[in-house]
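A.B. asks: A predicted structure for the sequence below; I have some questions about it.
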Amino acid sequence: MQKQTLSFQAEVAQLLKLVTHSLYSNPDIFLRELISNASDACDKLRFEALNDAGLHENDSELKVRVSFDKAAKTLTITDNGIGMSQQEAIDHLGTIAKSGTRDFVAKLSGDQKNDAQLIGQFGVGFYSGFIVADKITVESRRAGVPAAQGVRWVSEGTGEFDVSEIERAERGTSIILHLKDDASEYLNAWKLKGIINKYSDHISLPILMPKEEWKEGENDQPGEMAFTGEWETVNQAAALWTRPKKDITPEHYAEFYKQISYDSEAPLATTHNRVEGATEYTQLLFIPSKAPVDMFNRDKAAGVKLYVKRVFIMDDAQALLPTYLRFVKGVVDSSDLPLNVSRELLQESRAVKAIREGCTKRVLSMIEDLANNEPEKFKTFYAEFGAVLKEGLGEDFANRERLAKLLRFASSTTDTTSVSFADYKARMKDGQDAIYYITADTLAAAKSSPQLEIFRKKGIEVLLMADRVDEWALNYLNEFDGTPLQSVAKGAVDLGKLQDEDEKKAAEEAQTQFKPILDKLKEALKDKASDVRATSRLVDSPACLVVQDGDMSTQLARMLKQAGQTVPEVKPILEVNAQHPLVRKLEASAELASFDDLANILFDQALLAEGGMPADPAAYVRRVNALLV
């Protein structure tokens with residue numbers, strides 16, 4: 001019975017102040033969090049009992065009980081789940097998740113609605129009890145250990161908590177909230193049932209409350225509701241995805257989504273289906289309204305929750321959806337997988353492959369439905385998830401055409417960023433035989449790129465691509481609906497029938513007449529450029545950089561280097577505008593000692609124009625200063 005007094009992890013006092021005074025504009029949510037934790041504890045017991053049936057201790061009916069004591073002013077949430085040992089109570093209740101309080105506090109923005117979702121995300125839902133309680137007592141015993149090894153944890157939400165050993169016959173956990181004076185509304189069965197029906201109705205375990213009936217008063221005393229000695233189930237007690245769709249409201253779906261995703265907003269789209277055939281499973285999948293802050297961390301565990309025959313198996317089952325759909329939340333419940341399935345077995349299972357294909361097609365159908373029927377929602381979706389969707393071009397060959405139809409871009413001839421390949425094709429000029437595009441670090445850099453000059457002059461639309469993933473993704477898409485895709489920054493410009501004979505002839509003549517100076521430039525820039533040639537793609541600019549068809553662009557090489565990857569040396573081609581005054585001046589300076597400096601300035605300016613940086617910025621500045629003087 002020895003009692004220990006321990007200190008919370010550093011900064012917990014600050015956190016508790018935030019939880020109780022800032023995060024929850026709606027205090028009712030504390031009950032949702034505590035019931036959710038109780039449900040998780042039962043799920044953990046069910047999972048561990050797959051390998052050790054003795055953990056059930058002759059009590060296999062898992063449940064959550066909610067009761068209150070008006071005289072003592074306490075509200076108690078009890079589960080018969082996995083329970084905690086004394087050390088687990090110290091670790092789990094004295095520390096804020098694995099992420100640490102510092103990370104939690106750092107992410108708080110002061111926006112109650114957004115901050116509230118962080119509670120569950122950081123595993124601190126337990127502390128929401130201090131919104132309504134000035135003291136919390138937790139009594140628990142881990143499944144499979146003797147009754148004498150129970151634990152009592154007590155705290156008033158300040159800087160310390162007490163832990164002692166107790167005798168506890170039943171396994172699981174009881175959380176006893178000693179309610180504040182202004183929280184007496186939670187000593188009311190009708191109020192508690194309303195909260196449970198609103199926030200926790202989807203919990204697959206029965207949530208029980210004492211059954212009450214009206215008892216007449218005696219000796220002129222008023223009557224009151226009294227406990228009958230029985231317990232009644234106050235939620236549906238069936239997993240939401242197992243219920244008939246006709247019985248589920250949009251509000252039910254939204255609350256379930258918020259519970260599993262820790263999001264404060266309703267999902268953008270929902271799909272709920274039972275799939276029958278060679279592989280049988282139920283899928284309940286959601287597309288969020290907003291991307292998580294760590295969406296581009298491909299190493300972070302992501303995926304849907306996996307159940308087998310309604311038994312929870314694992315969070316973040318990555319094998320059930322491809323990586324590029326890692327933003328999707330939801331549940332898959334399989335009838336064909338073994339209950340002891342592991343992450344390793346999931347990778348090899350034929351049933352999992354069928355589930356993965358089915359879920360992928362269902363999600364793409366959801367997105368297509370938004371694109372075709374709800375343009376505003378699709379616009380929201382694409383702003384949040386468009387970049388990650390493009391990864392699918394390189395990852396999902398089977399659905400590449402479907403994905404290509406969903407992609408949207410900015411364009412050189414419109415102010416919108418919602419141009420599809422189909423839109424572009426419908427506007428192509430007579431005689432145009434390619435879809436032209438350009439990739440750049442930013443949209444501004446793409447719009448002002450010298451490579452667009454000839455296209456602007458001729459009124460040819462060019463798609464502008466500024467997502468980091470664009471160039472990588474476009475390597476896997478060579479055409480759309482039979483029309484080839486052509487980067488305007490790769491290879492020699494060839495406008496085919498859109499370039500008249502006089503223009504072609506002038507370009508050829510410039511290449512011949514300008515050959516001596518081109519050779520001299522090539523020699524001066526042999527360490528920087530693989531070739532130097534005259535071009536017809538420039539109108540206003542003196543020079544630009546391009547690469548050969550099939551080569552890595554300078555932009556992609558820069559991006560990979562910034563990511564710490566080793567990349568082969570990329571030597572671009574310098575194309576010069578033979579008609580530009582600067583190039584004419586360069587020609588006149590061919591015999592001067594300053595020619596090499598002028599050649600390097602021309603190259604570095606072309607590099608700057610596409611968003612790059614000279615290899616030796618100081619040398620560039622020195623050369624420009626000498627020219628100015």
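C.D. replies: On my side now, so go ahead.
A.B. asks: residue ranges of each domain in this protein, please.
C.D. replies: 3-237, 241-382, 392-495, 498-628 (automatic domain parsing).
A.B. asks: tabulate those domains (a markdown table), appending mean neighbour count and mean pLDDT.
C.D. replies: All C-beta atoms are positioned from the backbone trio N, CA, C, and that covers glycine. Formatted as a markdown table, the entries for the domains of the chain read as follows, by neighbours: other CB atoms under 10 Å; pLDDT from 0 to 100:
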| stretch | mean neighbour count | mean pLDDT |
| --- | --- | --- |
| domain 3-237 | 17 | 82 |
| domain 241-382 | 18 | 87 |
| domain 392-495 | 17 | 89 |
| domain 498-628 | 16 | 82 |
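A.B. asks: which residue ranges form the strands in the stretch 351-500 of the chain?
C.D. replies: Secondary structure of the stretch 351-500 of the chain (DSSP state E, counting those that start in this stretch): strands at 410-411, 435-439, 463-465, 479-480, 483-487.
A.B. asks: for the third one, which strands pair with it and how are they oriented?
C.D. replies: I take that to be strand 463-465. Strand 463-465 has the following sheet partners, assigned by DSSP bridges: strand 410-411 (antiparallel), strand 435-439 (parallel).
A.B. asks: for the last one, same thing?
C.D. replies: Its sheet considered, strand 483-487 pairs with strand 435-439 (parallel), strand 479-480 (antiparallel) by DSSP bridges.
A.B. asks: pull the distance from that strand to the chain's centre.
C.D. replies: The offset between the C-alpha centroid of strand 483-487 and the centroid of the whole chain comes to 30 Å, using CA atoms, centre = their mean, to the nearest Å.
A.B. asks: mind putting the strands paired with strand 463-465 into JSON lines with distance to Leu16?
C.D. replies: What follows is those, written out as JSON lines (distance: least, CB to CB, whole Å):
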{"stretch": "strand 410-411", "distance to Leu16": "47"}
{"stretch": "strand 435-439", "distance to Leu16": "49"}
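A.B. asks: select, out of those, the one closest to Gly303.
C.D. replies: Smallest distance to Gly303 across the strands paired with strand 463-465 (CB to CB): 30.1 Å, for strand 435-439.
A.B. asks: which residues does that closest one contact?
C.D. replies: The list of residues contacting strand 435-439 from outside it, by CB atoms under 8 Å, 6 or more residues apart in numbering, reads 409, 421, 424-425, 428, 446, 449, 451-452, 455, 460-466, 470-471, 474, 480, 483-489, 553, 555-556.
A.B. asks: beta partners of Ser164?
C.D. replies: In this structure, Ser164 has beta-bridge partners Lys3, Arg152, where bridges are defined by DSSP bridges.
A.B. asks: ok, it - contacts?
C.D. replies: Ser164 is in contact with 1-4, 151-152, counting by CB under 8 Å, 6+ apart.
A.B. asks: go through these and name the one nearest Val352.
C.D. replies: Distances from Val352 to these, taken as CB to CB, are shortest for Val151 (39.3 Å).
A.B. asks: measure that closest one to Gln4 for me?
C.D. replies: When CB to CB, to the nearest Å is the yardstick, Val151 and Gln4 sit 11 Å from each other.
A.B. asks: shared neighbours of the two, anything?
C.D. replies: In the contact map built from CB under 8 Å, 6+ apart, the residues linked to both Val151 and Gln4 are 163-164.
A.B. asks: centre of the chain to stretch 65-73, how far?
C.D. replies: A distance of 41 Å separates the C-alpha centroid of stretch 65-73 from that of its chain, computed with CA atoms, centre = their mean.
A.B. asks: let's have the strands of the stretch 351-500 of the chain in JSON lines, adding distance to Asp527.
C.D. replies: JSON lines is the format used below for these (distance: least, CB to CB, whole Å):
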{"stretch": "strand 410-411", "distance to Asp527": "35"}
{"stretch": "strand 435-439", "distance to Asp527": "25"}
{"stretch": "strand 463-465", "distance to Asp527": "30"}
{"stretch": "strand 479-480", "distance to Asp527": "37"}
{"stretch": "strand 483-487", "distance to Asp527": "25"}
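A.B. asks: closest to Val624 out of those?
C.D. replies: Using CB to CB as the measure, strand 435-439 is the one of those that comes nearest Val624, at 26.8 Å.
A.B. asks: gap between that closest one and the chain center?
C.D. replies: Its chain's C-alpha centre lies 28 Å from the corresponding centre of strand 435-439 when counted by CA atoms, centre = their mean.
A.B. asks: equivalent analysis for stretch 290-310, please.
C.D. replies: Mean-position distance between stretch 290-310 and its chain equals 8 Å (CA atoms, centre = their mean).
A.B. asks: outside of that stretch itself, list whatever touches it.
C.D. replies: When contacts are defined by CB under 8 Å, 6+ apart, stretch 290-310 is touched by residues 107, 204, 239, 242, 260, 263, 265, 285, 312-321, 323, 326-335, 337-339, 341, 346, 359, 384-385, 387-388.
A.B. asks: which ones are touching Met209?
C.D. replies: Contact criterion CB under 8 Å, 6+ apart gives 65-67, 189, 192-193, 196, 231-232, 234 as the residues in contact with Met209.
A.B. asks: following element in sequence after the helix or strand containing it, please.
C.D. replies: Using DSSP states H and E, Met209 maps to strand 207-215. Following strand 207-215 in sequence order, the next helix or strand is strand 224-233 (DSSP H and E).
A.B. asks: let's see that next one as PDB, backbone CA atoms only.
C.D. replies: Included here for strand 224-233 are C-alpha records, laid out as PDB according to Å, rounded to 0.1, in the frame of the first residue of the first chain:
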ATOM      1  CA  GLU A 224     -36.800  11.100  -8.500                       C
ATOM      2  CA  MET A 225     -35.100   8.700 -10.900                       C
ATOM      3  CA  ALA A 226     -33.500   5.800  -9.100                       C
ATOM      4  CA  PHE A 227     -31.100   3.000 -10.100                       C
ATOM      5  CA  THR A 228     -32.800  -0.300 -10.600                       C
ATOM      6  CA  GLY A 229     -29.700  -2.400 -10.100                       C
ATOM      7  CA  GLU A 230     -29.500  -3.300 -13.800                       C
ATOM      8  CA  TRP A 231     -27.300  -1.800 -16.600                       C
ATOM      9  CA  GLU A 232     -28.600  -0.800 -20.100                       C
ATOM     10  CA  THR A 233     -26.700  -0.300 -23.300                       C
END
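A.B. asks: what ranges does the stretch 401-550 of the chain have for its helices?
C.D. replies: 421-426, 443-447, 453-458, 470-474, 501-513, 515-524 (DSSP state H, counting those that start in this stretch).
A.B. asks: let me have these in JSON lines, extended by distance to Asp596.
C.D. replies: Compiled in JSON lines, those are given as follows (distance: least, CB to CB, whole Å):
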{"stretch": "helix 421-426", "distance to Asp596": "43"}
{"stretch": "helix 443-447", "distance to Asp596": "28"}
{"stretch": "helix 453-458", "distance to Asp596": "27"}
{"stretch": "helix 470-474", "distance to Asp596": "32"}
{"stretch": "helix 501-513", "distance to Asp596": "22"}
{"stretch": "helix 515-524", "distance to Asp596": "5"}
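A.B. asks: compare these and give me the one nearest Ser85.
C.D. replies: Each of those was scored for nearness to Ser85 using CB to CB, and the closest is helix 470-474 (48.7 Å).
A.B. asks: who touches the closest one?
C.D. replies: Applying CB under 8 Å, 6+ apart, the set of residues contacting helix 470-474 from outside is 390-391, 393-394, 437, 439, 465, 485, 487, 553, 555-556, 559.
A.B. asks: check stretch 545-558 too.
C.D. replies: Here stretch 545-558 has contacts from 439-441, 451, 471-472, 487, 489-491, 529-530, 567-568, 570, 572-575, 603, 606-607, 610-612, using CB under 8 Å, 6+ apart.
A.B. asks: what does stretch 329-337 give?
C.D. replies: Surrounding stretch 329-337, the residues in contact under the criterion CB under 8 Å, 6+ apart are 239, 241-242, 257, 260-261, 263, 267, 279-286, 288, 304-310, 313, 317, 320, 346, 349, 351-352, 355, 359.
A.B. asks: between the contacts of Met209, which is nearest Phe514?
C.D. replies: Proximity of these to Phe514, judged by CB to CB, is greatest for Ile196, which lies at 81.3 Å.
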